[in-house]
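> Any chance you can model this:
(4 chains)
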Protein chains: 2
Amino acid sequence: METRELRYFVAVAEESHVGRAAERLGMAQPPLSRAIAQLERRLGADLFVRTPRGVTLTSVGETLLREGRAALAAVEAAERRTRRTAEAGGRAPVVLTAKAGASSELMAKLLDAYAAEPDAVEVEVILSPPGHQAAMLRDGRADVAILHHPFDDLSGFDTDPLFVEEQVLILPAGHPWSTRPSLTVAEATSVPDLPPPRWPALDGSYPDGPGPELRDLTQVLQLVRLGRTALVLPESVRADLRDGLAVVPLSDAPRVTTVIAWPPHSTSTGVAGLVRTAARL
Amino acid sequence: METRELRYFVAVAEESHVGRAAERLGMAQPPLSRAIAQLERRLGADLFVRTPRGVTLTSVGETLLREGRAALAAVEAAERRTRRTAEAGGRAPVVLTAKAGASSELMAKLLDAYAAEPDAVEVEVILSPPGHQAAMLRDGRADVAILHHPFDDLSGFDTDPLFVEEQVLILPAGHPWSTRPSLTVAEATSVPDLPPPRWPALDGSYPDGPGPELRDLTQVLQLVRLGRTALVLPESVRADLRDGLAVVPLSDAPRVTTVIAWPPHSTSTGVAGLVRTAARL
DNA sequence: GGGGTCGATACCGCGGCGGTATGGGGCCAG
DNA sequence: CTGGCCCCATACCGCCGCGGTATCGACCCC
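Coordinates of the predicted model:
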């Protein structure tokens, strides 16, 4: 199976519509129809059922969509990581990704410590919205990630724990609850008049809801200060807080473990060095 | 990047020789040379250095080999799993793999319990030599595996622990050490006159050494009985032992955890059901 | 029943893949 | 030093197959 076929198939599956998929792929509809038919013939099974309004996946098609997406991500990762080491003249740089604004103190310590290593390579840091780190590791846009258990999906990666902390609710200063000694998770997730913020999904769109649309932590803290939202965060954010914010511990929230994660087959010296450094912190 | 290019590249990298790689791929040498040159041009970097005796990987090439192998395995997995659900008429069967001979009692219980589930699908069991399970999960020959921590490489998979046990040394009955109350790992790994057995590597070849070449547990137990080898195993093998064998506990060996493992993106109902059943055992 | 919206089919042109033949550099034996 | 050998690269060619346009056929809805 060629990646071209997989790309075509995934496009059609995602659009549920051959014509739109062809447009997205920058080609005409007939060759795409034929490519899909040919793939079905080679696999010996229908991938789509044709309906008057477009196409729908069969259960075989669903399997191929799931597996094919993972395969395409792996191929993209191979190409991206190869290009990156090529651009660096063979000395593969390391791309580290983390949630925008989170764990800044820890990351600074980690990057400083690693830079002091004798065989350190260049580290590029990419801050992206929560939830995007795993996808970036999978498709090669990043080589290492700072993630937070149990919030992030660690499956499929090797990880080392960095540290453990409690969670707190961030409120506007002066909010009636800001003087409470502690809150429960149930209370914290439904603060009266302060809807939780919404974060972008992997495709950049936002889920429905009353809360504000946000991309990083400084934005959200500003909106908390303005009394527009409230949210639960690891307590280490205290270090980044300015005036105008109140912090209330949560009594029954699970502890958050910050971990460093990397793809299991990665054997690059940069990743290994960074992980080794992290383990010593 | 197309999978055809990746296959070509991996073949050349593995053979370190364009001509032999072409032969292995069933094609002539010139088109392969050209395909590699084209790939290098598109990536903008040399993947091989040409030597008088063949070719060697550059550091960029090493990156592509590592990542490309993973990508090819993912593509193969997509195709294999799709074909499998196609052959089963859409009701994806589950392929479970385990070390030949190991954990037979546990597996019997698991398969029985799962078969009693209302929505159970067909489970095919593939027993293969130790160390092959991870590769089978990765390239789609299997969907679930029974593995043993810390011996097997669990990285890249989701796992659930099934149970924990001690390790024992299996000796021929009547061996001088067979009456010892316990042994250390250091002693057990160098039993006088009884070299440890050798297991096949992923490519089917055997490492060098004095021990016998083996593929499964019944074979090895027979050879122990004949006084040709001795080896360390989890103590649950006691259930499978017949006469002629002695068992000595190891005092300082790490405990073995039997786990059920599956690829993180697998969402098939079969895998989910099997894992759920396993968790209840 | 007609127009609109789909995907499938028919047919064509061309890029690119793989084939054979050959070139050219490096190494070694004589 | 040189002929022969072992490699990989280049040159050239034929054909498969991909993608394009035009059109058909099925289905739905007004």
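
> For the stretch 151-281 of chain A, which segments count as helices?
Using DSSP state H, counting those that start in this stretch, the helices found in the stretch 151-281 of chain A span residues A:185-188, A:217-225, A:269-280.

> Looking at those helices, which one is packed in the most?
helix A:217-225 (a mean of 19; mean count of other C-beta atoms under 10 Å in any protein chain shown). For glycine as for every other residue, the C-beta is placed from the backbone atoms N, C-alpha and C.

> Can you give the distance of that helix from its chain's centre?
Chain-centre distance of helix A:217-225: 20 Å, with C-alpha atoms, centre = their mean, to the nearest Å.

> Let me see the ranges of the strands in the stretch 1-150 of chain A.
In the stretch 1-150 of chain A, the segments counted as strands under DSSP state E, counting those that start in this stretch are A:48-51, A:54-57, A:94-99, A:123-128, A:144-149.

> anything in the third one near chain B?
No - against chain B, strand A:94-99 shows no contacts by C-beta under 8 Å from any C-beta of the partner chain, the least distance being 12.1 Å.

> Now that strand - C-alpha only, CSV.
What follows is strand A:94-99, C-alpha atoms only, in CSV (Å, rounded to 0.1, in the frame of the first residue of the first chain):
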residue,chain,number,x,y,z
VAL,A,94,16.0,18.3,19.3
VAL,A,95,12.5,19.8,19.2
LEU,A,96,10.8,20.0,22.6
THR,A,97,7.2,20.8,22.9
ALA,A,98,5.1,21.8,25.9
LYS,A,99,1.8,23.5,26.7
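
> Residue A:55: what's it in contact with?
Contacts here follow C-beta atoms under 8 Å, 6 or more residues apart in numbering or on different chains; on that basis residue A:55 touches A:12, A:16, A:17, A:18, A:48, A:49.

> which of those residues are buried?
The neighbour count (16 or more other C-beta atoms under 10 Å in any protein chain shown) marks A:12, A:17, A:18, A:48 as buried among these.

> export those to CSV and tack on distance to residue A:185 and pLDDT?
Output for the buried ones among the contacts of residue A:55, formatted as CSV (distance: C-beta to C-beta, whole Å; pLDDT from 0 to 100):
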residue, distance to residue A:185, pLDDT
A:12, 42, 96
A:17, 42, 94
A:18, 46, 94
A:48, 43, 96
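
> So which of those residues is the closest to residue A:135?
Set against residue A:135, the nearest of these by C-beta to C-beta is residue A:12 (21.3 Å).

> hang on, isn't that closest one packed against residue A:33?
No - applying C-beta atoms under 8 Å as the test, residue A:12 and residue A:33 come out as separate, 9.0 Å apart.

> any bit of the helix ranked longest in chain A sitting next to DNA strand C?
Longest helix in chain A, counting residues (DSSP state H): helix A:59-87. No - residues of helix A:59-87 are not located near DNA strand C by C-beta under 7 Å from any atom of the strand, the shortest gap being 12.6 Å.

> Report all helices and strands that that helix contacts.
Applying 3 or more C-beta pairs under 8 Å, 6 or more residues apart in numbering or on different chains; DSSP states H and E, we find helix A:59-87 packed against helix A:3-15, helix A:133-138, helix B:3-15, helix B:29-43, helix B:59-87.

> where does chain A come near DNA strand D, residue by residue?
By C-beta under 7 Å from any atom of the strand, the residues of chain A that approach DNA strand D are A:4, A:26, A:27, A:28, A:30, A:31, A:34, A:35, A:38, A:52.

> The closest residue to residue A:47 other than its chain neighbours - how many residues pack around it?
Nearest residue to residue A:47, sequence neighbours excluded (C-beta to C-beta, 6 or more residues apart in numbering or on different chains): residue A:61, at 3.8 Å. By other C-beta atoms under 10 Å in any protein chain shown, the residues close to residue A:61 number 27.

> buried residues in stretch A:237-252?
Neighbour-count burial for stretch A:237-252 flags A:237, A:240, A:245, A:246, A:248, A:250 (criterion: 16+ other C-beta under 10 Å).

> how close does the residue in the stretch 51-200 of chain A positioned nearest to DNA strand C sit to residue B:124?
In the stretch 51-200 of chain A, the residue that lies nearest DNA strand C is residue A:54 (4.1 Å; C-beta to the nearest atom of the strand). Separation of residue A:54 from residue B:124 (C-beta to C-beta, to the nearest Å): 35 Å.

> if we can go back for a sec, can you report phi and psi for the nearest residue to the residue of the stretch 51-200 of chain A closest to DNA strand C once chain neighbours are set aside?
With C-beta to C-beta, 6+ apart as the criterion, residue A:54 has its nearest non-adjacent residue at 4.1 Å, and that residue is residue A:17. Note on residue A:17: backbone dihedrals following degrees, to the nearest 10 are phi -170, psi 120.

> how close does residue A:17 sit to residue A:56?
To residue A:56, residue A:17 is 10 Å away according to C-beta to C-beta.

> what about residue A:48, distance to residue B:79?
With C-beta to C-beta as the criterion, residue A:48 and residue B:79 are 17 Å apart.

> Let me see the domain layout of chain A.
Chain A breaks down by automatic domain parsing into domains covering A:3-83, A:88-165+A:256-280, A:167-249.

> Is it possible to get a markdown table of those domains that adds distance to residue B:190?
Shown next, in a markdown table, are these (distance: least, C-beta to C-beta, whole Å):
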| stretch | distance to residue B:190 |
| --- | --- |
| domain A:3-83 | 41 |
| domain A:88-165+A:256-280 | 31 |
| domain A:167-249 | 49 |
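
> Comparing those, which yields the minimum mean pLDDT?
Least confident of those, judged by mean pLDDT, is domain A:167-249 with a mean of 87.

> And that domain, end to end?
From its first residue to its last, domain A:167-249 covers 6 Å (C-alpha to C-alpha, to the nearest Å).

> again with stretch A:228-246
Start-to-end span of stretch A:228-246 (C-alpha to C-alpha) is 14 Å.
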